[in-house]
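Trainee: predicted model and sequence follow; I will ask about them next.
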Amino acid sequence: MAIHAALVRAAVAASVVLQAAAVAHHRPRHANASSHSGCRRSSDIVYVSFERPELYQYVASHHTARALGGKARVHHLNLINTRTDYGRRLQLADDGSLHADLGVQRIDMDLAQVTGYADFWRQYMHSSANGRDYELLCIARFLALRDFCLESGIDVFTHLDGDLMLFDDAVLDAMCIPQNHTAWYLSKGSTFLSTVTCREVGLFADFLLRFYVRANRTQVAVDLHRVGAPGIIDDSHRLEIEWAAPEFVAARVEPRQVSDMFLMRAFYEGDHTAGPTHHPSHPYFLRDEYPRVDSMTALENMRYMFDPDTARRLCEDETVFDANMRLTETEHQYRANGEWHTLLGAHFQGSECKPHLVRSLGRPLLAKGGSVGRDDASP
């Protein structure tokens, strides 16, 4: 109980710190990305989905667009022709018009035509407890974001995971790039929440291609083992990975958990595995300035929120969630220490949390968008 209570307090502290940062960086809004007192703010929000957006992604992008009220453009970059079997769980029947109705610009991009994707797809080596296709696409989206920058003509944008939504436009001012920096991140591996220049994304995409697209496949396995996290992949996942990538067996190393977050950390730590990174990056990590902000807590991560009375995770049960959350079209609050706190945003990370997002805020979209399809093969 004491441990869970401490986690709740830490989550509340994270929200307070980020809220303080939002106030400290609050600037007048402008139509385009600009610099105010040396802090560069984005006017473009980008979500990414694969093959067809899921219902929770509609909900997140819609509520973010609504919160921003035109102060930033919200783009939904939907990657098609991925050459994978990545399935959908909650598909919303939509020809793209629903996105426009919600104030979101939908862009369907042929991933097979994205620069470098064919080579990456061919040489990707799986080392993750997540499904192979899912992890491959999570990493490959940065190749697509580079092409999106070139085609759209923007030079800086805020990237949000599809299960992360904003409720307050002041957050954009907290997530601005400080003077003499090239990117803003919550922490060194927070690929789910960032404001970056397009040049920075291009450099990271180059790093990913150098890392995976190499003739020495055994060395790639060794390097994945080195940059990954130990003790996360159990025996069942290990067997799957060894089947997909026998190089781990040949290299006599165990597969470790490797995701886009671990690769970004290696990129910023100056990993020279695949040749010199040679990038003049100078990212800003909020956690470096505010150490109490947990690296996985972004505007309150529902996955790590607990009921203070029972110490149960909020996402475990509808009753527990509803007792601690007020999540409606007009209210965005959570209960902690006997008080209700207004959320700046929320991250519904994990399969156990997304249904609560859909249940709380998705009904109006279902009424507008038509049927929901299910694919039992979805991960």
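Mentor: Good, I have the coordinates. Numbering: from 1, shown residues only.
Trainee: can you list the weak-confidence ranges in this protein?
Mentor: Along the chain, the model assigns pLDDT under 70 to residues 1-37, 87-96, 236, 238-240, 242-244, 271-281, 287-299, 366-379.
Trainee: just the element for the residue sitting furthest away from the middle of it, please.
Mentor: What lies farthest from the middle of the chain is residue 250; by C-alpha atoms, centre = their mean that is 33.1 Å. Under the criterion of DSSP states H and E, residue 250 resides in helix 247-251.
Trainee: any residues touching that helix, and which ones?
Mentor: Residues outside helix 247-251 that contact it (C-beta atoms under 8 Å, 6 or more residues apart in numbering) are 125, 127, 217-222, 225, 241-242, 254-255. For every residue, glycine as well, the C-beta is placed using N, CA and C.
Trainee: now these: which count as buried?
Mentor: For the contacts of helix 247-251, a neighbour count by 16 or more other C-beta atoms under 10 Å gives the buried set as 125, 127, 217-218, 220-222, 225, 241, 254-255.
Trainee: on the three-state scheme, the nearest residue to residue 361 once chain neighbours are set aside is what?
Mentor: Counting by C-beta to C-beta, 6 or more residues apart in numbering, residue 361 lies nearest to residue 59, which is 4.9 Å off, once chain neighbours are set aside. At residue 59 the chain is in helix, as set by DSSP: H, G, I helix; E, B strand; the rest coil.
Trainee: isn't residue 143 up against residue 114?
Mentor: Yes. If you go by C-beta atoms under 8 Å, residue 143 and residue 114 touch, sitting 5.2 Å apart.
Trainee: against residue 50, how distant is the residue nearest to residue 361?
Mentor: Going from residue 59 to residue 50 by C-beta to C-beta, to the nearest Å gives 17 Å.
Trainee: ok, now residue 177?
Mentor: In terms of C-beta to C-beta, residue 177 sits 28 Å off from residue 50.
Trainee: then residue 315?
Mentor: Counting by C-beta to C-beta - residue 315 and residue 50 are separated by 23 Å.
Trainee: tell me how far residue 46 lies from residue 131.
Mentor: To residue 131, residue 46 is 23 Å away according to C-beta to C-beta.
Trainee: so between those two, which is more surrounded?
Mentor: Between residue 46 and residue 131, counting by other C-beta atoms under 10 Å, residue 46 is the more crowded of the two (26 against 18).
Trainee: secondary structure of the more buried one: a helix, I assume?
Mentor: No. Using three-state DSSP, the assignment for residue 46 is strand, not a helix.
Trainee: so how far is the strand or helix carrying residue 146 from its chain's centroid?
Mentor: Applying DSSP H and E as the criterion places residue 146 in helix 132-152. Chain-centre distance of helix 132-152: 12 Å, with C-alpha atoms, centre = their mean, to the nearest Å.
Trainee: helices or strands up against that helix?
Mentor: Judged by 3 or more C-beta pairs under 8 Å, 6 or more residues apart in numbering; DSSP states H and E, helix 132-152 is in contact with strand 44-50, strand 73-80, strand 105-110, helix 117-123, helix 198-212, helix 260-268.
Trainee: show me what the fifth one packs onto, helices and strands only.
Mentor: In terms of contacts (3+ C-beta pairs under 8 Å, 6+ apart), helix 198-212 is packed against helix 117-123, helix 132-152, helix 217-227, helix 260-268.
Trainee: can you pull out the strands in the stretch 251-379 of the chain?
Mentor: With DSSP state E, counting those that start in this stretch, the ranges of strands along the stretch 251-379 of the chain come out as 283-285, 325-327, 332-336, 339-342, 345-347, 372-373.
Trainee: right, and those - which one's nearest residue 101?
Mentor: In this view, those are compared for proximity to residue 101 by C-beta to C-beta, and strand 372-373 is the closest at 17.3 Å.
Trainee: can you pull the contacts of residue 259?
Mentor: Residues in contact with residue 259 (C-beta under 8 Å, 6+ apart) are 128, 130, 135, 138-139.
Trainee: which among these count as buried?
Mentor: By neighbour count, with 16+ other C-beta under 10 Å, the contacts of residue 259 hold 128, 135, 138-139 as buried.
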